[in-house]
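Undergrad: here is a sequence with its predicted model. Questions after.
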Amino acid sequence: MAISKQKKQEIIAQYADWIGRSGALVLTKYIGLAVSDLDKLRADIREAGGEFHIVKNTLAKIALEQAGMEIKEEDFQGDTAVGFAFQDSPGLAKAIVDFADESDFVEIKMGYLNGQLVSPAEIVALAKVPPLPVVRAQLLGTLSAPASKLARILAEPGRQIAGVLKAYSEKGTAPEAA
């Protein structure tokens, strides 16, 4: 059954919205993937702040071209599904790469990172970048380390005086003046 021109325009507009909100896109081939596996992959991607959708090749190409992105015709052959990273690009890449490693039915075709075309190897490299919460924790640790060190340095003279006074009080006698 043919899709009406109006319906095609609506689909292209939906794709354009997803593309516009995404920091990264990962195009995959998904031939033979069971529905339960597809649901698991979608859940993993949702946890990373993204979505995974099966797309129509011709309409996806139109939406990507309208967004000013370079396309490769050979990557739009066969069944195509796209992961959209709305929050965490490395998280999306990791979810798809991990799933593709475990499954014979999902293969990474290519992707886009901030509108630039990236190869499957670059997507695998992106997947190795720590997720956003981990990066934030590392940054916070790096920023707070100098403040912690300064607090320890400032507290040390007081701690030394307290140690001396405690030692004298435990000795039971005050030091004699000579």
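TA: Thanks, I have it. Numbering: from 1, shown residues only.

Undergrad: any chance you could map the helices in this structure?
TA: Secondary structure of the chain (DSSP state H): helices at 5-21, 35-47, 57-66, 89-102, 120-127, 132-171.

Undergrad: among these, which comes closest to Val82?
TA: helix 57-66 (6.8 Å; Cβ to Cβ). C-beta coordinates here come from the backbone N, C-alpha and C atoms, glycine included.

Undergrad: quick one: list the elements packing against the closest one.
TA: helix 5-21, strand 80-85 (3 or more Cβ pairs under 8 Å, 6 or more residues apart in numbering; DSSP states H and E).

Undergrad: list the strands paired with the last one, with their directions.
TA: If you go by DSSP bridges, strand 80-85 pairs up with strand 24-29 (antiparallel), strand 50-55 (antiparallel).

Undergrad: pick the most deeply packed of those strands.
TA: Among the strands paired with strand 80-85, the stretch with the highest mean neighbour count (mean count of other Cβ atoms under 10 Å) is strand 24-29, at a mean of 25.

Undergrad: break this structure into its domains for me.
TA: 5-129, 130-172 (automatic domain parsing).

Undergrad: what's the angle between the helix-or-strand element of the chain with minimal mean pLDDT and helix 89-102?
TA: Ranked by mean pLDDT, DSSP states H and E, the weakest helix or strand in the chain is helix 132-171, scoring a mean of 80. Interaxial angle, helix 132-171 versus helix 89-102 (axes from the mean of the first three to the mean of the last three Cα atoms, to 10 degrees): 110 degrees.

Undergrad: would you mark the buried spots in helix 132-171?
TA: Applying a neighbour-count criterion of 16 or more other Cβ atoms under 10 Å, one finds nothing buried in helix 132-171.

Undergrad: kindly report the same for stretch 58-75.
TA: Applying 16+ other Cβ under 10 Å to stretch 58-75 flags 59-64, 71, 75 as buried.

Undergrad: quick one: low-confidence ranges for this protein?
TA: 1, 172-178 (pLDDT under 70).

Undergrad: in a markdown table, list the buried residues of stretch 58-75 along with distance to Gly158.
TA: Shown next, in a markdown table, are the buried residues of stretch 58-75 (distance: Cβ to Cβ, whole Å):
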| residue | distance to Gly158 |
| --- | --- |
| Leu59 | 70 |
| Ala60 | 66 |
| Lys61 | 69 |
| Ile62 | 70 |
| Ala63 | 65 |
| Leu64 | 64 |
| Ile71 | 66 |
| Asp75 | 66 |
